[in-house]
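[1] With the input below, show me the fold.
(one chain, ligands or ions: 1)
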Amino acid sequence: MRLAVVEDDPALGEALADGLRQLGHVVDWWPDGQKADAVLNDTTYDAMVLDLGLPKTDGMTWLRLWRQRGLSLPVLILTARDAVEQRIEGLDAGADDYLLKPIATAELSARLRAMLRRTTGRAQAQWVHGALSYDPASRQVHWQGVAIDLTGRETALLEVLLKHPQKVLSKSQLQEQLYDWSGGEPESNALEVHIHHLRRKIDPSIVRTIRGVGYALGSGQPTGVDP
Ligand code: CA
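    I've put the predicted structure just below:
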């Protein structure tokens with residue numbers, strides 16, 4: 001998942017971003033709503049984690065503004081344990097879920113997965129595509145029932161393709177889902193290398209190259225098997 005975390009407390013923001021990255025997510029951490037607002041138009045996030053207590057303009061005001069502008073991104077708000085009114089107000093303002101501080105990163109990640117299952121209409125925890133199955137919680141990939149060992153980036157790339165099974169994704173669209181804003185530009189052929197590895201480790205049929213346009217999820221049918 002590509003996530004935006006908006007949290008002004010540097011220790012908490014960094015801990016959340018690190019914890020979520022270790023669980024395999026691509027994370028941009030923004031210390032205030034202004035900075036998040038500046039990139040929201042140009043960046044496709046899967047979900048946002050939004051602290052309500054932010055400097056200058058608070059999280060609730062940003063959330064209302066973003067919803068008014070038509071932002072449909074699932075948003076999970078972070079609130080203090082005793083702030084019941086705030087949670088109700090947040091949900092009414094357009095939040096999809098909330099979590100109370102202090103936060104356990106593993107729980108936050110599980111909540112984000114559950115939130116995405118609801119908002120994308122995917123009720124099953126396992127994603128199945130032909131001979132491939134993928135468990136977004138454990139990030140385990142199986143092909144014809146056999147576990148496949150992928151790196152974090154390879155898994156993230158496969159997840160992006162599985163999320164858009166009908167779509168052709170351009171190189172820049174895929175890169176945007178794989179790299180956050182902190183790491184600078186990836187190597188120019190890094191994406192091609194990951195695609196090559198997916199085909200070699202899983203099956204050549206798993207990714208289709210659409211010449212001049214980009215890549216799409218393949219058939220999920222094993223190559224070279226006689227019917
Ligand atoms: Ca705060």
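[2] List phi and psi for the residue in the chain that the ion sits nearest to.
    In the chain, the residue found nearest to the ion is Gly53; the distance is 3.7 Å by Cβ to the ion. Where you see a C-beta, it was placed from the backbone N, CA and C, and this is true even at glycine. Dihedral angles of Gly53 (phi, psi; degrees, to the nearest 10) stand at phi -90, psi 90.
[3] And Leu91, how far from Gln175?
    With distances taken as Cβ to Cβ, to the nearest Å, Leu91 is found 34 Å from Gln175.
[4] Those two: which has the busier surroundings?
    Higher neighbour count among Leu91 and Gln175: Gln175, with 17 against 13, using other Cβ atoms under 10 Å.
[5] and that one, what does it touch?
    Neighbour list for Gln175: Pro186, Leu191 [criterion: Cβ atoms under 8 Å, 6 or more residues apart in numbering].
[6] same question, Val160
    With contact taken as Cβ under 8 Å, 6+ apart, Val160 is in contact with Leu169, Leu174, Gln177, Leu178.
[7] Work out for me the element it sits within.
    Using DSSP states H and E, Val160 sits in helix 152-163.
[8] moving C-terminal of that helix, what's the next helix or strand?
    helix 171-178.
[9] CA-only coordinates of that next one in CSV, if you can.
    C-alpha atoms of helix 171-178 as CSV (Å, rounded to 0.1, in the frame of the first residue of the first chain):
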residue,chain,number,x,y,z
LYS,A,171,5.9,2.9,-15.9
SER,A,172,5.5,6.2,-14.0
GLN,A,173,2.2,5.0,-12.4
LEU,A,174,3.9,1.9,-11.2
GLN,A,175,6.9,3.8,-9.9
GLU,A,176,4.7,6.1,-8.0
GLN,A,177,3.3,3.2,-6.1
LEU,A,178,6.7,1.7,-5.3
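[10] Good, wrapping up.
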